[in-house]
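Visitor: Fold the following, please.
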Amino acid sequence: MGTLTLITVTATGLMAGVFLAFSAAVMPGLADLSPADARAAMRRINARIQNPVFLLLFVGTLVLCAVEVFQGRAVGGLLYVVGCFLVTVVVNVPMNNRLEQADDAYWPAYLRRWTLWNHLRTVACTASAVTLLLGL
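Guide: All right, here's what the predicted structure looks like:
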């Protein structure tokens with residue numbers, strides 16, 4: 001395994017960990033709050049996650065996985081590109097944007113749907129790491 005792939009495996013694993021933390025702790029914790037408090041907390045989380053460390057990891061991993069695809073490890077790379085990056089851009093970010101504009105009645109639907117798609121991102125990142133380790 002080359003150095004680039006090792007870095008990519010590490011990066012996809014870190015992203016899996018970020019998403020797992022949301023699925024295992026953050027969203028269940030927010031579910032225990034009132035819709036108004038949960039929505040306010042999630043709005044702050046969404047604002048705070050847009051920081052240089054997270055964005056470098058999130059976008060940097062996209063670039064690394066794209067390189068992996070072109071180097072013949074398409075399955076591992078595409079799992080991240082499609083299952084993480086595209087799902088985030090097409091599903092989770094629009095939901096976050098809607099949460100900014102919606103009232104508290106939107107929270108229960110947001111919580112269920114956002115968490116479901118986040119589970120998918122967790123699995124996709126984990127599968128990406130594993131398949132890259134296997135050289136796929």
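Visitor: now stretch 84-99, how far from the centre of its chain.
Guide: From the chain centre to the centre of stretch 84-99 is a distance of 9 Å (CA atoms, centre = their mean, to the nearest Å).
Visitor: Next: stretch 41-60.
Guide: That offset, for stretch 41-60, works out to 10 Å (CA atoms, centre = their mean).
Visitor: can you check stretch 103-118 too?
Guide: 15 Å.
Visitor: Could I get the buried residue list for that stretch?
Guide: Of all the residues in stretch 103-118, those buried under the rule 16 or more other CB atoms under 10 Å are Trp107, Tyr110, Leu111, Trp114, Thr115, Trp117, Asn118. C-beta here means a position set from N, CA and C on the backbone, and glycine is covered the same way.
Visitor: and what of stretch 11-24?
Guide: Quick answer for stretch 11-24 (16+ other CB under 10 Å): Ala11, Thr12, Gly13, Met15, Ala16, Val18, Phe19, Leu20, Phe22, Ser23.
Visitor: Just the element for the first one, please.
Guide: Just to be clear, that refers to Ala11. Per DSSP states H and E: Ala11 is located in helix 3-21.
Visitor: how long is stretch 68-77 end to end?
Guide: Stretch 68-77 has an end-to-end distance of 6 Å (criterion: CA to CA, to the nearest Å).
Visitor: orientation of the biggest helix by length in the chain relative to helix 3-21 in degrees?
Guide: Ordering each helix of the chain by length in residues (DSSP state H) puts helix 107-133 first. Relative orientation of helix 107-133 versus helix 3-21 (axes from the mean of the first three to the mean of the last three CA atoms, to 10 degrees): 160 degrees.
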